[in-house]
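**Student:** this one's sequence-less:
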């Protein structure tokens, strides 16, 4: 299979870009990463994703695909000789899609709120993120059926959906002392995170929380300087 | 299919539940419909969709599937022997999913601004957003009969539930969608020629009456 015509427009800190790269790694597809700063709406970014003007974008030959979860499903459907990313059973697929949508629509957006919230408001957002993690803990128990990952023995769709967010979650634990990854509260997810760091498909693609923190501090400093 | 139990937790005016009703009809599936009184959600709904507590929910042999577009894909995959709802080629599938996702991300927000507007300015803001989104969708449709090219498909199903709300948006914000997006209105009328759509879509007048009754309860008057 010709794979040299695959490119990813993205940036390594982005949880959404990580998903695409993890999916390509699972399928052993070589690609070129074109670095794009999500905060700079360059001509390339606008041309590649005119509707949302966001990363990631997958280029496959002449085709452009946008929205990380849609891209992951596309990758799964095109490269069928690699391991499956989505489960094979329709009900399990629906459940995986449900929780991935939950992460994107309800849970991960809370981290944006956390960035700007102070005091009581911040405590409330921290609480909501923790509640979300409890739900995801339950989802892990149901989906994994006693195995190592949401997808079973190997990383699958929901592992990929959430793994990209782990770096930022850990960054918040370090920076804010949030204790999101608390093994007394979410033991299965904490175990799962540890296993991710040993899995060949994802371990090198999970953003390092310490580097994320430095990046965040730099970004904050720049925003504050710009607003003065 | 023998031994299959399908229950749909439904709300007649919901553009999301409409997608599932249409999908079930396209696949010629029998099911039991349970109408939810949204201000008083049933214990079954709360049990089957504890995370979002929303309709639609499809309960298949006791197992709940939630979120309308996820349910439609589930129906397509479970009953893959007939009437495909998504295209077969991965790129066409990605495009279909992209535009259905666009509809959910953008259209609902703009529509919400209009229908819950407290004054003319808010309604006007919602209207401008809605027109921009509908024009974008009209551009995607182009000269095709359906978003699914020659066949009624996933994106058509995603959007058509909103069609019966168009009259309500027009009344709330005093504009004509026909005037702004004539091709989209033609598309809507074409979709209504399908039995799966005409039988299972709410009537626009009833939808408007429903919204007015909610607005009256909330004390929202039009200036």
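**Tutor:** Thanks, I have it. For clarity, every value in this text was computed on a predicted model and none was experimentally measured. Numbering: from 1, shown residues only, chains lettered A, B, ... in the order given.
**Student:** could you say what helices and strands the longest helix seen in chain A packs with?
**Tutor:** The longest helix of chain A (DSSP state H) is helix A:119-144. Counting contacts by 3 or more Cβ pairs under 8 Å, 6 or more residues apart in numbering or on different chains; DSSP states H and E, helix A:119-144 is packed against helix A:90-102, helix A:109-116, helix A:157-176, helix A:187-196. In this view, the C-beta of every residue, glycine as well, is placed from N, C-alpha and C.
**Student:** Let me see the contact set for residue A:103.
**Tutor:** The contact partners of residue A:103, by Cβ atoms under 8 Å, 6 or more residues apart in numbering or on different chains, come to A:136, A:161-162, A:165.
**Student:** In three-state terms, label residue B:64 for me.
**Tutor:** Going by DSSP: H, G, I helix; E, B strand; the rest coil, the secondary structure assigned to residue B:64 is strand.
**Student:** wait, doesn't it sit right on residue B:58?
**Tutor:** Yes - Residue B:64 lies in contact with residue B:58 (Cβ atoms under 8 Å); the separation is 7.3 Å.
**Student:** Out of the two, name the residue with the larger neighbour count.
**Tutor:** Neighbours were counted for residue B:64 and for residue B:58 using other Cβ atoms under 10 Å in any protein chain shown; residue B:58 has more, 28 against 21.
**Student:** If I look at that one, what pLDDT would I see?
**Tutor:** Residue B:58 carries a pLDDT score of 98 in this model.
**Student:** What's opposite it in the beta bridge?
**Tutor:** Legend: beta-bridge partners of residue B:58 under DSSP bridges are residue B:8, residue B:65.
**Student:** That one reaches residue B:21, doesn't it?
**Tutor:** No - between residue B:58 and residue B:21 no contact is recorded; they are 10.3 Å apart, counting by Cβ under 8 Å.
**Student:** Quick check: neighbours shared by those two?
**Tutor:** Residues within reach of residue B:58 and of residue B:21 at once, by Cβ under 8 Å, 6+ apart, are residue B:8.
**Student:** What residues does chain B have near chain A?
**Tutor:** For chain B, the residues in contact with chain A (Cβ under 8 Å from any Cβ of the partner chain) are B:51, B:60, B:63, B:65-67, B:70-71, B:73-74, B:77-78, B:90-91, B:93-94, B:97-98, B:101-102, B:136.
**Student:** Need the buried ones from these selected in ChimeraX.
**Tutor:** Buried residues within these, by 16 or more other Cβ atoms under 10 Å in any protein chain shown, are selected in ChimeraX with:
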select /B:60,65,66,67,70,71,73,74,77,78,90,91,93,94,97,98,101,102,136
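**Student:** who's in contact with the closest residue to residue A:6 other than its chain neighbours?
**Tutor:** Spatial nearest neighbour of residue A:6, excluding adjacent residues (Cβ to Cβ, 6 or more residues apart in numbering or on different chains): residue A:31 at 4.0 Å. Residue A:31 makes contact with A:3, A:6-8, A:21, A:24 under the criterion Cβ under 8 Å, 6+ apart.
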